[in-house]
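Engineer: predicted coordinates and the sequence they were generated for:
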Amino acid sequence: MPELPEVETIRRDLAPRLQGRTIRQSDAHWSAKFTPATAIDHYRFVDLTRRGKFLIASVEPELARSGDGPMELVVHLGMTGRLQLHSDHAGVDLDHPHLRAWWLLDDGHTLTFHDIRRFGRIHVVPPGQYQAMPTLHHLGPEPFDPNLDSRLFHRLLSRSRRHLKTNLLSQRPIAGVGNIYADEALWMAKINPKIRRLGLERSERLLVAIQEVLALGIDNRGTTLRDYRTADGGTGSNQFTLTTYGRGGQVCLRCNYLLDSVVLDGRTTTWCPSCQAR
DNA sequence: CGGGGTTCCTGGCCGC
DNA sequence: TGCGGCCAGGAACCCC
């Protein structure tokens, strides 16, 4: 599943290659989740940023006409979404069953969005107008925001009494943490995923752990377990560093106790009952 | 407004 | 071998 490190890897690869390019032509799958992709023909890519797991491309009209202003193309990859840039439009299979949208650029390259399970989404909105995307609208701070310290993180976590891991996955206390990196960070911080409140000290440990596992994930160009690919079709290598996610029933790498795995609030959750005891 | 439950999807896997 | 059934999983959506 693409989480912050996967989306950031794609962003870094695509940003310099999209900047300044104008969309000549586009098409999208019939679903309303993807049709907005075709709303920005003849717009130029100005910038490519990221908030949490959302990729945000700033675009402006190629020819400024009255009533046209800058827009944002917002892409969420869902579970199985892939964004790839192809140098040869003729080589792109426009009838591929998983192709959900494509954009032909003025340099002949084609940006494609494939998504097997159709959990991804594409929006085109005026800059900052995120009401149609509640999670983005209420998104917590970026994990590497210099204004985010343990006191602020503690305050944001304290707004909900749901299980700590469920709280993290809501994207409200902090942006970009999904199931994989949540399990990894909680293990690193030695915190039980089922607790409902935590003090300043554990908030600090958790924040540092989240920053560490995300930074490692970015360094490794993401975690490729099945579907995730980089913008050039390559795989990440962070799957080889995972300590917790997907390791239920195997030994804890810290204490040799057997990792337990349960479904917590609908999400598979793996943790060490010994060193992440309540 | 927070929280709980449901839905969207389809490939992969399990069991008979 | 073939096939029905089941499941993962982020976020929107609905309702209380």
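Structural biologist: Received, thanks. Residues are numbered from 1 along each chain as shown, chains lettered A, B, ... in the order given.

Engineer: quick one, helices of the stretch 51-200 of chain A?
Structural biologist: A:134-137, A:150-157, A:164-169, A:179-189, A:200-219 (DSSP state H, counting those that start in this stretch).

Engineer: out of those, deepest packed?
Structural biologist: Mean neighbours per residue, mean count of other CB atoms under 10 Å, is largest over the helices of the stretch 51-200 of chain A for helix A:179-189, with a mean of 24. Bear in mind the C-beta positions are built from the backbone N, C-alpha and C, glycine included.

Engineer: just checking, what packs against that one?
Structural biologist: Secondary-structure packing of helix A:179-189 (3 or more CB pairs under 8 Å, 6 or more residues apart in numbering; DSSP states H and E): helix A:164-169, helix A:200-219, strand A:267-271.

Engineer: burial of the residue lying closest to residue A:260 once chain neighbours are set aside, as a residue count?
Structural biologist: Leaving aside its sequence neighbours, residue A:260 sits nearest to residue A:273 (CB to CB, 6 or more residues apart in numbering; 5.2 Å). By the criterion of other CB atoms under 10 Å, residue A:273 has 14 neighbours.

Engineer: for DNA strand B, see how far away the residue nearest to residue A:61 when sequence neighbours are not counted is.
Structural biologist: Of all residues not flanking residue A:61 in the chain, residue A:68 sits nearest, at 4.3 Å (CB to CB, 6+ apart). Distance from residue A:68 to DNA strand B, counting by CB to the nearest atom of the strand, to the nearest Å: 30 Å.

Engineer: check residue A:200 too.
Structural biologist: Separation of residue A:200 from DNA strand B (CB to the nearest atom of the strand) stands at 20 Å.

Engineer: residue A:167 too?
Structural biologist: Distance, residue A:167 to DNA strand B, using CB to the nearest atom of the strand: 7 Å.

Engineer: could you list the domains of chain A?
Structural biologist: Listed domain ranges for chain A are A:4-137, A:150-271 (source: automatic domain parsing).

Engineer: mind listing what residue A:209 touches?
Structural biologist: Contact analysis of residue A:209 by CB atoms under 8 Å, 6 or more residues apart in numbering lists A:184, A:185, A:186, A:188, A:189.
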